[in-house]
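Asks: heads up, no residue letters with this:
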């Protein structure tokens, strides 16, 4: 049996590390994004998102503005609102959301169609450009949002809207004669349909998701057929000479071995493949998921959990190609990697998937948002020299400071919905087993087969490595607690009700029987350490990174001076862990290093034969997740090693 | 008095290093490019260049095809033909060229206008889009070609064509009322006009060049005005949100301090500025040239003489930003740098300019063409990992193998005309002084004020560092030979008629009086050496390059195995210079180094804590100019130093 997520309505997160991020969603991001979508933030990129719906609903006159997938901004906002209303009462927010849902319902066409770009601009061109039109992508986000809103509030209206839309999609797409035999240019609708199946029990939605996955990459490429039709209108200039592997449609999904193409498209698709592999007990599909996962995490993933190395086309490149200073590593791609990983963990009960989920969440996803919640990274380099990040150059995609908003604004609301639903990553629930994946303080009530259990986790992880887990009201037959042993944990110990207990370990989880009211204390060591990359990673060869537990560290100019490329790290020396009040309380790291002196060099000398002169210096590192929260400056994760 | 170039008609180059490149022009490149321009090479990019002229001339029906500046391919070809016919008799080639010139003359409009794109496609849109239309750029190349053809053959027909075109340009552009107050979007016409002035003595051409340089960047940007006009038709999608600094038109040229924007546009303009600074004795303009030169060579130039670091927009970025693996460094930009440098040297009689000219010619320019003359690099990286150079990624502009031709084919014919005219870089001629800039074996006859002198240089430079210079028939008053002392030369000695002679040195030239028939022997040492970059060059910090004389060396996979990033160089060890038959005879370099072993790493391990294990290895280096002449493989110029 597959494990499943907990009911977010019952969870109360109060965590030394996560709370400051999680509460940003309700306090800052949701209100801020609301203003953005209403075009009330003067110096942010214009959105026009709600205006588009008002025009489509006939409430206003005007032109569509924005990307073809502009509607997804409000969808992801509503999804975050749904998750938030699951955790908190907020009648004002709920009222606003209900009004928006009313507007969306009004914009929906009689037959269920819903996409303001095509409703306003090209009503005759529905489904004619699946490759670029993003109608199915937008539909998927609407479905995910409606499910979250229904789960958070119990209100059906939005769910009814998206069911009508899903019904239309089921009628329009499929293998049957008279239906369109296509599939989405940007995968996402599959995930929406599957969630809709889970919440409504309507099996046709699951079947429809399976159709989209099965049809993909079969026979002659659907998108190339579309493009060859008379009257095809190209939307994105960069789609000229389209390569089907960009959208993972070059071959059937079950034959795919290597993660390729657009990274977000890829991981959204792999997530849906994992769901379907379980639902249909499709071993071939599951093997494809495992191959693709392994390719990513063994060959194409940054140490920060970033994926999709190329700045052009936001895509995977080739094994071991992980440049640090001009990479893409979109925030959304790491979110999708976490989505894929939790699904694989829930199916396989293998904690190694969570090691990667944790890496993505604690590093790239958190780095995507400022500590004040008001600015965002879309692109997540591991090495930044701000002076060189110029518009209209090869580094134009690398922003050395977080941005208030984006023309294509997928990342900020995606981060919001992820933070608002982080509870789904903490636990995975079996029949009578509770898997504890992440060490985040919270209280919750969990429904097992034998009845409800109250669970409380207390910890100061990742800065301390003791986790206290209390379970109360366990039913008579008892239950099993499965506690993740992270890949970096050393000297892992479990005390049950005060007594040191040896426990069975399966696939990275310590399995501990619990009865009635039990208190488990988990201790492990996770000292700061030097990590190296496989020498085939050309960009990192000869370098080391500082890592402590799930946190990858970085050096910033503010702590280490200008020109971080002139620094060397001495990996023979101890790493000092220093408690600091920075960023609301962190552990800083300090290590002995050297700096290459430039004193011998005249300013006008570009090349010369001056000997290398090194001076001693202490390198100071902070978590990568928090970089660029103290102004603009250089940053690097990887440091040259003294050899 | 400014120094000037020699008459190429009189020079006969027979050089151990250069002859194999120079003779490619006549034997391979000119015939090959002729086939390309006639679309006879099956798997090269289509050209259609001559077809466009046939259509414009009314000989054929059809559509224009190619870039707006497609005409420049035939212009640069004719320029190379002109230089070649100066050196060799080739009646068949001359006949073909005369026919082409006849075709061009037929395509020219009655009023002198000549640009097949606008003649065929947009006859009403002449001069409406100076920013993107490239009419003046094309005109400039036609003028340079016609001058070279006239000098090579004595035939005036092509010169008459371009004079008519130049006259039209003089009538159309200027400060006077009724004239267009614009200037070229891609500088080049200035150089053509100045050459036309030199050959015809018509001062209005010089004045017109001065107008274009003086008008540039004054007041409201002309290109932004153009774009704001109703009916403006954008040609290049990447010109949306045009930034005037891209074409060095954001401020008056005399106020420019830093090389910025498109690198080829920049150095072509600086070359014209240098000519004008001399002709008008314009100190302010000369100071701007010096500032811009210094900015390039002190802050923005690769060790190979490559310039223009950004792959997007082929442009300069910022001081010290010199990435090695995704840079641009267009072949044409290094040609332009050499053009700028020789002009500055001729004005200032300062050999340091030639050090840079030599760096560009011996490294980037030569690397731009295969040893068989049939394939070309447009982009010149200093580090290549072929697997990662994928289409539609951030490295899509980096080609790991030379290409047969290009859609935008500026580089191959530019290399051809440069190789065909390398004689102009060897010598600079004063009133009674002969400057020897480059050490290339040749025989020539040079006109000094006091009469003709026969000069012969014999050397095996750069593989040996002895240069024998014979002058014969020196007039009674004698002459001065000014022999360049390269920046890398050690223990420089001059023997005059067998006797060691101490000589006056001025700005890097050893000044030696010569009488009647003299034989000078120059000896110096130029041992292979380790060169480092200023530590502010982030990309090279902690690395060293191998250099011998003017040649920058590189490591190739074929000599050093896969993954050159795993190599370290031991700069405390001696560099062995080894005679080799590779590439028709070179000096190879070998140095002690280390290789980071990957034996400890499992294939599925991407990150880990395995200790660094180094093994001894001998690093073998070949001249960068010759890389990728032995099949596809990794290449790197800069190597990590063992520290």
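Replies: Received, thanks. Computed from a predicted model, the values in this text were never measured in an experiment.
Asks: which secondary structure element contains the residue nearest to the spatial centre of chain A?
Replies: Centroid-nearest residue in chain A, with Cα atoms, centre = their mean: residue A:335, separated by 0.8 Å. Using DSSP states H and E, residue A:335 sits in helix A:331-348.
Asks: average pLDDT across that helix?
Replies: The average pLDDT for helix A:331-348 rounds to 98.
Asks: sorry, back to before: residue A:369 versus the residue nearest to the centre of chain A, what's the distance?
Replies: Per Cβ to Cβ, to the nearest Å, residue A:335 is found 12 Å from residue A:369. Placement of C-beta: from N, CA and C, glycine included.
Asks: one more: residue A:484?
Replies: Computed with Cβ to Cβ, the distance linking residue A:484 and residue A:369 is 25 Å.
Asks: got a list of contacts for stretch A:64-76?
Replies: By Cβ atoms under 8 Å, 6 or more residues apart in numbering or on different chains, the surrounding residues in contact with stretch A:64-76 are A:33, A:37, A:46-53, A:55, A:100, A:104, A:114-117, A:120-121, A:132-134, A:137-138, A:141-142, A:144-145, A:186, A:235, A:407-410, A:413-414, A:416-417.
Asks: could you tell me which of the residues you listed belong to helices?
Replies: Residues of those located in helices (DSSP state H): A:33, A:37, A:49-53, A:55, A:100, A:104, A:116-117, A:120, A:132-133, A:137-138, A:141-142, A:144-145, A:413-414, A:416-417.
Asks: name the residues of the stretch 101-250 of chain A found near chain B, please.
Replies: Remark: the part of the stretch 101-250 of chain A in contact with chain B comprises A:237, A:243, A:246, using Cβ under 8 Å from any Cβ of the partner chain.
Asks: most neighbours of all those residues, which one?
Replies: residue A:246 (23 neighbours; other Cβ atoms under 10 Å in any protein chain shown).
Asks: now for whatever helix or strand comes next after the helix holding residue A:335, which elements pack on it?
Replies: Following helix A:331-348 in sequence order, the next helix or strand is helix A:352-359 (DSSP H and E). On a contact count with 3 or more Cβ pairs under 8 Å, 6 or more residues apart in numbering or on different chains; DSSP states H and E, helix A:352-359 meets helix A:331-348.
Asks: the helix it packs on vs chain B: in contact?
Replies: No - judged by Cβ under 8 Å from any Cβ, helix A:331-348 stays clear of chain B, getting no closer than 13.6 Å.
Asks: now that helix and helix A:352-359, what's the angle there?
Replies: Helix A:331-348 and helix A:352-359 meet at an angle of 160 degrees, taking axes from the mean of the first three to the mean of the last three Cα atoms, to 10 degrees as the criterion.
Asks: check the offset of helix A:331-348 from the chain's centre.
Replies: 8 Å (Cα atoms, centre = their mean, to the nearest Å).
Asks: what packs against that helix?
Replies: Counting contacts by 3+ Cβ pairs under 8 Å, 6+ apart, helix A:331-348 packs against helix A:263-279, helix A:283-295, helix A:352-359, helix A:411-420, helix A:423-426, strand A:427-429.
Asks: export these as CSV, with columns for mean pLDDT and distance to residue B:512.
Replies: Listed next are these as CSV, based on pLDDT from 0 to 100; distance: least, Cβ to Cβ, whole Å:
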stretch, mean pLDDT, distance to residue B:512
helix A:263-279, 98, 65
helix A:283-295, 98, 67
helix A:352-359, 98, 69
helix A:411-420, 90, 68
helix A:423-426, 96, 80
strand A:427-429, 98, 86
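Asks: ranking these by burial, who's on top?
Replies: Of all the helices and strands packed on helix A:331-348, helix A:411-420 has the most neighbours on average by mean count of other Cβ atoms under 10 Å in any protein chain shown, namely a mean of 28.
Asks: follow-up on the earlier one: filter the contacts of stretch A:64-76 down to the buried ones.
Replies: Restricting these to buried positions leaves A:33, A:37, A:47-53, A:55, A:100, A:104, A:114-117, A:120, A:132-134, A:137-138, A:141-142, A:144-145, A:186, A:409-410, A:413-414, A:416-417, with burial counted as 16 or more other Cβ atoms under 10 Å in any protein chain shown.
Asks: phi first, then psi, for residue A:436.
Replies: phi -100, psi 110 (degrees, to the nearest 10).
Asks: for residue A:465, see how far away the closest residue to it other than its chain neighbours is.
Replies: Distances taken as Cβ to Cβ, 6 or more residues apart in numbering or on different chains put residue A:483 closest to residue A:436, at 5.0 Å, once the chain neighbours are dropped. With distances taken as Cβ to Cβ, residue A:483 is found 13 Å from residue A:465.
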